[in-house]
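Asks: Next input, structure requested:
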Amino acid sequence: MPDPIQPRRFLLDAAKRILLSPSPATADPADDFPRLTLSALEKMRMSRSRDRIMENLETMYREAFDRAKSGTDPAQMATLDFAYRREQLYLEILLDIRDAAERR
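Replies: Residues are numbered from 1 along each chain as shown. Here you go, the predicted structure:
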């Protein structure tokens with residue numbers, strides 16, 4: 001039973017037991033959350049092709065552009081056109097980086 005007169009000593013001893021006790025070697029590495037490391041990236045295979053990604057982008061913007069066109073909003077159509085071209089450029093850069101990493 002801890003001495004009620006020395007609560008600091010009790011807490012210090014408890015902290016030492018917890019921090020300095022040997023850790024159990026039974027920890028399962030599968031229980032650890034996945035980390036985005038170079039070795040993990042090398043093990044993963046990218047599932048979507050470049051064409052599929054670009055088609056999905058085009059489909060998404062085409063639907064939004066058609067909605068803006070039916071509403072006869074030229075400013076919205078111009079905004080969507082610019083956004084599409086910008087996102088297309090970003091995706092192409094990212095896909096180039098992905099391809100380069102896969103080759104390495």
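
Asks: average model confidence for the helix or strand containing Thr59?
Replies: Assigned by DSSP states H and E, Thr59 belongs to helix 50-70. For helix 50-70, mean pLDDT is 89.

Asks: looking just at contacts, which helices and strands does the longest helix along the chain meet?
Replies: Taking DSSP state H as the criterion, the chain has its longest helix at helix 74-103. Applying 3 or more CB pairs under 8 Å, 6 or more residues apart in numbering; DSSP states H and E, we find helix 74-103 packed against helix 50-70. All C-beta atoms are positioned from the backbone trio N, CA, C, and that covers glycine.

Asks: list the buried ones in stretch 93-104?
Replies: Buried residues in stretch 93-104, defined by neighbour count with 16 or more other CB atoms under 10 Å: Leu95.

Asks: what angle separates the helix holding Thr59 from helix 74-103?
Replies: Here helix 50-70 runs at an angle of 170 degrees relative to helix 74-103 (axes from the mean of the first three to the mean of the last three CA atoms, to 10 degrees).
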